[in-house]
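1. Sequence first, then the predicted structure, then my questions.
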Amino acid sequence: MRTRLVSALLVAALSLPLGAAHGATVSVTDPAGDGSAGERLDVLDVTLRNRDRAVVVTTTFVAVGKGSVAVGLDARRPPGQVVLVARRRPGPDRAFLVTEDGRRRCAGLLATWDTEAETLRLRMPSRCFRGGAYRALRMRAITEELSAGDIDLVRRFRWSDWVRRG
């Protein structure tokens, strides 16, 4: 009897969708070779994970290099936007947010550049945007020269699909 109960609970637990525990995800791809700076910061794909405690955006490039990456996040309810910015430059790299109120820092905002994997991982604690009071998000991304213009408008700077929080 006890073995059947444990087996039934195990089957029920394994039947639950795994995505809900880790937050929902949306990814967009961008063709190689469409950046204006050769391979440097030419985006291949961007993945948004809208988790309960943090938003994680991972960008894969043809090649990591000096410049800026800006990922705009748009909240459905309540409406609002924030931009996550990471700058790779001579000297220390920078990460900050741009909100309706201007540029600001947020404790726990991390930008991790990986030159071997050619990726950037941005992690923003949920409390940094609307105090964590938001639900579904969508994103768009752009890479830029440090002192000049745009390098790559991911998907021509169109918004991704909405991704629920979870």
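-> Perfect, I can see it now.

2. Okay, now the unreliable bits of the protein?
-> Along the chain, the model assigns pLDDT under 70 to residues 1-23.

3. Contact partners for the spatially most central residue of the chain?
-> The chain has Val57 as the residue nearest its centroid, 1.8 Å off, counting by CA atoms, centre = their mean. Counting by CB atoms under 8 Å, 6 or more residues apart in numbering, Val57 makes contact with 46-49, 71, 84, 121-122, 124, 139, 141. Heads up, the C-betas are built off the backbone N, CA and C, glycines and all.

4. ok, so of these, who is nearest Arg103?
-> Minimum distance to Arg103 across the contacts of Val57 is 11.7 Å, recorded for Leu84 (CB to CB).

5. SS state for the closest one?
-> In three-state terms, and counting by DSSP: H, G, I helix; E, B strand; the rest coil, Leu84 is strand.

6. Distance-wise, check it relative to Ser68.
-> Computed as CB to CB, to the nearest Å, the Leu84 to Ser68 distance reads 11 Å.

7. The two: who's more crowded?
-> Leu84 (25 against 18; other CB atoms under 10 Å).

8. Do I have it right that Thr119 meets Phe61?
-> Yes - the pair Thr119 / Phe61 is scored as a contact, 7.1 Å apart, by CB atoms under 8 Å.

9. Just want to know which of these two has more residues nearby.
-> Higher neighbour count among Thr119 and Phe61: Phe61, with 27 against 17, using other CB under 10 Å.

10. The more buried one bridge partners, please.
-> Val43 (DSSP bridges).

11. where's it relative to Leu120, distance?
-> 7 Å.
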